[in-house]
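1. quick check, what structure comes out for this input:
(one chain, ligands or ions: 2)
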Amino acid sequence: MSTGNDQNNKELLIVIPTYNERENISGLLPELMERVPDAHVLVVDDNSPDGTAQVVKEFQTKYPQRVFLIEREGKLGLGTAYITGFKWALNQGYEFIGEMDADFSHRIEDLLNLIDTIKNGNADVVVGSRYVKGGKTVNWTMDRKILSRGASLYVRFWTCMPIKDPTAGFVIYKRKVLETIPLDKISFSGYAFQIEMKFAAWVQGYKIVEVPITFVDRIEGSSKMNKKIVFEAIKGVPLLVWKRLKGIYSSTNR
Ligand SMILES: Nc1nc2c(ncn2[C@@H]2O[C@H](COP(=O)(O)OP(=O)(O)OP(=O)(O)O)[C@@H](O)[C@H]2O)c(=O)[nH]1
Ligand SMILES: [Mg+2]
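-> Ligands and ions are numbered 1, 2, ... in the order given. So this is what the prediction gives:
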């Protein structure tokens, strides 16, 4: 059996995109190292002005074989940060590739459940879901609740995809899913990116399982959510249906 400190243990990688998450990442990395001993972590930072990457580099000296960093030259968006991280993970040979936010909205106890489900269940994709039985949000304003619930219904209306929390950014994929989704054809960046990834996996026939989570609103740092991201999703969801009809998500189109 391999241990979490084994350099060759390329089983599970969690990709964390960051933009100005200095305080959060300095708390999250040690917790992840301690509480999820088998996980490796890849931070994809977009040249955060607050020095997030510097904090990661300092931490890397303690865990050089488990913490990795990709630095991009500027704020290029969440979607491309994940695509960059996923491609890196595939190249490195990881078997399970996860994503979570840096801001403690995604709890480590829930991550442990997601890991257990992807490793021991028959799911190809596990989604940490606010909207299945047992899931909830804490400290969210009414506006955010309505927006998020409304988005879920809107996605269901257009795509018929049976996922209760399609905008969720707390997900673990089996390697084969990311190998077959045409990553270069995933065009969206914010919420729409999360929706598109799940939609592409579903169109390919992969089994998606939702696990209930408690989503806690961020305490440190500031939100990168903005109107542009919301409008991208409103316009983007009907486009997903169009992309599907054109066969863009089929693996032969890679
Ligand atoms: N690399 C990179 N990371 C980003 C970018 N935009 C957001 N992030 C990160 O993506 C994660 C999710 O962004 P958040 O701002 O928390 O978005 P949210 O969860 O919808 O909104 P709040 O929780 O209200 O802040 C966080 O870890 C951010 O730091 C980006 O352009 N590039
Ligand atoms: Mg957040």
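
2. in stretch 34-48, what counts as buried?
-> The neighbour-count criterion (16 or more other Cβ atoms under 10 Å) identifies Val36, Asp38, Ala39, His40, Val41, Leu42, Val43, Val44, Asp45, Asp46, Ser48 as the buried residues of stretch 34-48. No exception for glycine: its C-beta is placed from N, CA and C like everyone else's.

3. okay, and the fourth one sits in which element?
-> So that's His40. strand 39-45 (DSSP states H and E).

4. got a list of contacts for that strand?
-> Outside strand 39-45, the residues that touch it by Cβ atoms under 8 Å, 6 or more residues apart in numbering are 4, 9-10, 12-19, 25, 29, 32-33, 52-53, 56, 65-72, 81-82, 84-85, 88-89, 94, 98, 102, 115.

5. circling back: pLDDT check: weakest of the buried residues of stretch 34-48?
-> Between the buried residues of stretch 34-48, the one the model trusts least by pLDDT is Asp38, at 94.

6. if I read this right, that residue contacts Leu13, doesn't it?
-> No - in this structure, Asp38 is not within contact of Leu13 by Cβ atoms under 8 Å, at 10.5 Å.

7. next, give phi and psi for the residue positioned nearest the centre of the chain.
-> Centroid-nearest residue in the chain, with Cα atoms, centre = their mean: Glu99, separated by 3.0 Å. Dihedral angles of Glu99 (phi, psi; degrees, to the nearest 10) stand at phi -140, psi 140.

8. wait, what's in contact with it?
-> Taking Cβ under 8 Å, 6+ apart as the contact definition, Glu99 lies against Ile14, Val15, Ile16, Pro17, Tyr82, Gly85, Gly169, Phe170, Val171, Ile172.

9. okay, and the residue nearest to the second one when sequence neighbours are not counted sits in which element?
-> Of all residues not flanking Val15 in the chain, Gly85 sits nearest, at 3.5 Å (Cβ to Cβ, 6 or more residues apart in numbering). Secondary structure here is read from DSSP H and E; on that basis Gly85 sits in helix 78-92.

10. contacts for that helix, please.
-> Contacts of helix 78-92 from elsewhere in the structure, counted by Cβ under 8 Å, 6+ apart, are 10, 13, 15, 17, 42, 44, 46, 68, 70, 72, 97, 99, 169, 173, 175, 178-179, 183-184, 186-190, 192-193, 197, 224.

11. and the stretch 101-250 of the chain, which of its residues are near ligand 1?
-> Within the stretch 101-250 of the chain, the residues that sit near ligand 1 (Cβ under 6 Å from any ligand atom) are Asp101, Ala102, Asp103, Ser105, Arg218, Ser223, Lys224, Met225.

12. got the end-to-end distance for stretch 16-23?
-> Length of stretch 16-23, first residue to last, Cα to Cα, to the nearest Å: 14 Å.

13. what's the distance between it and the middle of its chain?
-> 14 Å (Cα atoms, centre = their mean, to the nearest Å).

14. could you do stretch 59-67 as well?
-> On the basis of Cα atoms, centre = their mean, stretch 59-67 is displaced by 21 Å from the centre of the chain it belongs to.
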